[in-house]
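Trainee: Pasting the sequence and the predicted coordinates here, then a few questions.
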Amino acid sequence: MNAQWVVQTSGATGNLQSVSAVDNNVCWVSGATGQVLRTTNGGTTWANVGGGSVIGTANDVTFVYGFDANNALCTSSSTSGTFVYKTTNGGTTWTQVFTQSGGFIDAFDFSSPTNGFMMGDPVGARWSMWKTTDGGATWDSTGLRLAQVGTEAGWNNSLYTSGNNIWFGTNSSKIYYSSDYGATWAAQATTGQANSYCVYFSGSTGFTGGASTVAKTTNGGTAWSLATLPGSGSSFGCTASAGTWYVTRTGTVYASTDGTTWTSASTSTTTLYAIGKARNGTAVWACGASGRIVRSPVPALSVTAPANGLTWSVHTTQNITWTSSGISNVAIKYSTDAGTTWLPIVASVPASTGTYAWVIPNTPSAQCKVRVSDAAADTVFAVSGGLFSISISSVIPMSMAEGWNMVSVGVVAPDMTATTLFSGANSSVFGYNNGYVVTPTLANGFGYWVRYPAPATFSITGVEVTSSTINVAAGWNMIGPYLYNVPADGVTTVPAGIINSSFFGFNNGYVVATTLEKGKGYWVRVSQAGTMTMPIPVAKGNNNFVQAVDKNWGRIIVTDAAGKSAVLYAAHNSTAAASGAFDQPPLLRRVYLMCDSLLKETLNILALHLNQFL
């Protein structure tokens with residue numbers, strides 16, 4: 001509200017007496033010597049589209065009403081009578097559509113593009129009133145009768161209509177009011193203020209400006225009382241936009257959000273004769289002497305969050321953020337179909353906060369956008385860039401054994417760093433890429449080693465991974481399923497048939513897995529690079545050995561002091577044993593590799609002796 005108003009170049013030098021703003025870009029202004037000005041770019045440039053052979057330059061155009069960029073009505077009066085002109089081509093040509101001998105048309109206002117009301121000073125002791133149902137092409141005064149009292153007259157910016165309600169000001173300490181679109185009338189006293197140069201309502205609250213006073217009502221005009229306004233001089237214009245009242249006094253525009261406390265929004269010594277708010281926007285224009293036109297700050301919006309590619313989980317609270325200027329309140333909507341349709345989030349919040357905490361609804365979609373608009377004018381809006389996703393938040397329970405564990409992360413967590421996901425570990429998290437590497441940030445689909453000092457249970461919460469494939473390199477790979485347990489024998493590959501080992505999990509040693517459990521990691525070997533696709537989810541299974549050994553093979557069982565056992569199978573000229581299907585994955589670290597070599601050497605010696613008996 002306190003941002004700097006802009007003085008615009010009108011190209012006029014005479015008095016400008018009326019303003020009609022269509023939206024934030026289109027506005028019409030009229031004034032001295034037949035001038036009708038029009039802008040279609042928010043006032044950056046103005047063109048005089050009046051005068052000509054029809055309107056002429058001999059008389060002032062005292063009132064103009066713009067329907068859109070092409071259609072408008074204006075009125076001009078002379079000593080002989082009053083005239084109404086209409087254009088349908090942006091002022092290129094005008095057609096006279098009404099005249100009244102000896103009259104003076106003050107103003108017209110429309111409830112729709114076709115239905116309007118026009119009033120003028122009394123002629124023959126009767127107020128001049130007409131209606132139109134064809135956008136001002138023709139006018140009819142049937143049923144409209146209001147007798148003149150004394151020498152009362154009206155003013156060119158003092159007509160206001162809302163539905164069937166009509167108010168217009170006079171020079172005789174009263175405002176006339178009709179609740180039935182002109183069929184009957186009542187006088188509303190403006191005691192202490194003789195002239196009502198302007199009338200404007202926002203709901204039941206209204207203002208009217210006078211020669212040295214301003215009056216206010218809070219009950220639709222049933223009672224008017226003088227209000228306090230800074231400065232001195234006449235108040236020829238009043239309006240309201242986006243929750244802010246604007247009243248002119250001499251050359252200053254005063255602004256207030258409560259109608260009581262006023263601040264200066266635009267100041268000049270050049271008198272302002274009219275002020276108007278865009279009917280389909282929030283922009284406010286004021287015009288006055290010496291061709292002066294000023295405009296309220298251009299409203300601007302920009303959505304800064306959510307960003308393109310972001311994923312927000314259902315039932316979480318996320319911040320929508322924006323920047324704005326020239327806007328009091330914003331409305332927020334969202335779309336799940338890339339902006340084809342919009343759903344409400346909140347109808348109005350203060351624009352100055354720049355943020356809104358949104359509880360994400362249960363409307364999963366990868367085609368989401370957020371739209372922030374001026375709550376008072378939906379035509380001023382901004383949409384978040386690109387697309388973001390709303391996804392159902394999922395929880396993966398994790399159970400850590402004391403010592404080393406093979407793990408995976410099956411959801412997209414808000415923070416994928418190893419120290420956050422496995423905060424209770426007493427080791428780094430190791431991935432595998434032709435050797436073990438410390439991995440600070442984890443990824444979905446991969447397996448990892450992590451050590452815990454004691455058994456622990458916790459959960460990882462995040463968004464479901466939309467992919468069902470995992471990239472693998474030739475040789476051994478540490479992989480992990482996503483959100484669900486899946487059968488190992490249902491895993492498929494591209495190229496087909498590249499898996500040449502069992503899936504190995506870890507439980508105090510490597511075990512062959514028939515079910516790949518969410519949250520756990522597994523070894524698998526492939527003959528060449530490709531992709532693995534996880535199959536249809538299954539219930540949690542058991543990590544059983546694959547019983548692919550011959551019952552006639554020899555066995556050596558080695559058991560350590562802790563009771564952990566391993567079995568060495570001895571076979572002579574066995575095709576299955578020679579295929580490599582019984583090879584085991586790499587051990588975790590160098591010390592384990594040394595121990596493993598020693599164990600293999602011992603077992604090889606035992607195997608040689610055993611083979612002598614086969």
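Mentor: Cool, the structure landed.

Trainee: In what element of secondary structure is residue 270 found?
Mentor: Residue 270 is part of no helix or strand, with elements assigned from DSSP states H and E.

Trainee: And residue 313, what's its pLDDT?
Mentor: Note on residue 313: pLDDT of 82.

Trainee: What is the burial count for residue 319?
Mentor: Residues lying near residue 319 (other Cβ atoms under 10 Å) number 12. Bear in mind the C-beta positions are built from the backbone N, C-alpha and C, glycine included.

Trainee: Leaving out chain neighbours, which residue sits closest to it?
Mentor: Counting by Cβ to Cβ, 6 or more residues apart in numbering, the nearest residue to residue 319 once its immediate chain neighbours are dropped is residue 355, at 5.2 Å.

Trainee: beta partners for the one you found?
Mentor: In this entry, residue 355 is beta-bridged to residue 321, by DSSP bridges.

Trainee: quick one: residue 409 and residue 447 touch, right?
Mentor: No. When contacts are counted by Cβ atoms under 8 Å, residue 409 is not listed as touching residue 447 (9.7 Å).

Trainee: more neighbours, those two?
Mentor: The neighbour count for residue 409 versus residue 447, taken as other Cβ under 10 Å, is higher for residue 409 (28 against 25).

Trainee: which residues are in contact with both of residue 409 and residue 447?
Mentor: Common neighbours of residue 409 and residue 447 (criterion: Cβ atoms under 8 Å, 6 or more residues apart in numbering): residue 480.

Trainee: This structure: helices as residue ranges?
Mentor: For the chain, applying DSSP state H gives helices covering 52-55, 418-421, 575-578, 590-611.

Trainee: Show me which residues of the first one are buried.
Mentor: Taking 16 or more other Cβ atoms under 10 Å as the neighbour-count basis, helix 52-55 is seen to contain the buried residues 52, 55.

Trainee: Run through who's touching it.
Mentor: 34, 36, 61, 74, 76, 85, 93-96.

Trainee: now it, how far from the centre of its chain.
Mentor: Chain-centre distance of helix 52-55: 47 Å, with Cα atoms, centre = their mean, to the nearest Å.

Trainee: which regions of this structure sit below the pLDDT cut-off?
Mentor: The chain contains residues with pLDDT under 70 at 1-3, 536-553, 558, 560-584, 588-614.

Trainee: Closest to the centroid, which residue in it?
Mentor: For the chain, residue 371 is the residue whose C-alpha lies nearest the centre (Cα atoms, centre = their mean; 2.4 Å).

Trainee: so that one makes contact with residue 380?
Mentor: No. Residue 371 sits out of contact with residue 380 when judged by Cβ under 8 Å, with a separation of 11.3 Å.

Trainee: all strands for the stretch 101-250 of the chain, in order.
Mentor: 105-110, 116-120, 128-132, 154-162, 165-170, 174-178, 186-189, 198-202, 205-209, 214-217, 225-227, 238-241, 244-249 (DSSP state E, counting those that start in this stretch).

Trainee: Same question for the stretch 451-600 of the chain.
Mentor: For the stretch 451-600 of the chain, the strands defined by DSSP E, counting those that start in this stretch occupy 456-464, 469-472, 475-479, 486-487, 492-494, 504-506, 510-512, 515-516, 522-526, 530-533, 554-559, 565-570.

Trainee: Would you reformat those strands as CSV and include distance to residue 386 and mean neighbour count?
Mentor: Shown next, in CSV, are these (distance: least, Cβ to Cβ, whole Å; neighbours: other Cβ atoms under 10 Å):
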stretch, distance to residue 386, mean neighbour count
strand 456-464, 17, 16
strand 469-472, 24, 18
strand 475-479, 31, 20
strand 486-487, 32, 19
strand 492-494, 30, 14
strand 504-506, 40, 22
strand 510-512, 45, 17
strand 515-516, 34, 25
strand 522-526, 36, 23
strand 530-533, 27, 18
strand 554-559, 59, 12
strand 565-570, 54, 15
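
Trainee: Of the contacts of helix 52-55, just the buried ones, ChimeraX syntax please.
Mentor: Remark: buried members of those, expressed as a ChimeraX selection using 16+ other Cβ under 10 Å:
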select :34,36,61,74,76,85,94
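
Trainee: Could you dump the contacts of helix 52-55 into JSON lines with distance to residue 239 added?
Mentor: JSON lines is the format used below for the contacts of helix 52-55 (distance: Cβ to Cβ, whole Å):
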{"residue": "34", "distance to residue 239": "25"}
{"residue": "36", "distance to residue 239": "20"}
{"residue": "61", "distance to residue 239": "20"}
{"residue": "74", "distance to residue 239": "19"}
{"residue": "76", "distance to residue 239": "23"}
{"residue": "85", "distance to residue 239": "24"}
{"residue": "93", "distance to residue 239": "30"}
{"residue": "94", "distance to residue 239": "27"}
{"residue": "95", "distance to residue 239": "29"}
{"residue": "96", "distance to residue 239": "29"}
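
Trainee: Cool, thanks, signing off.
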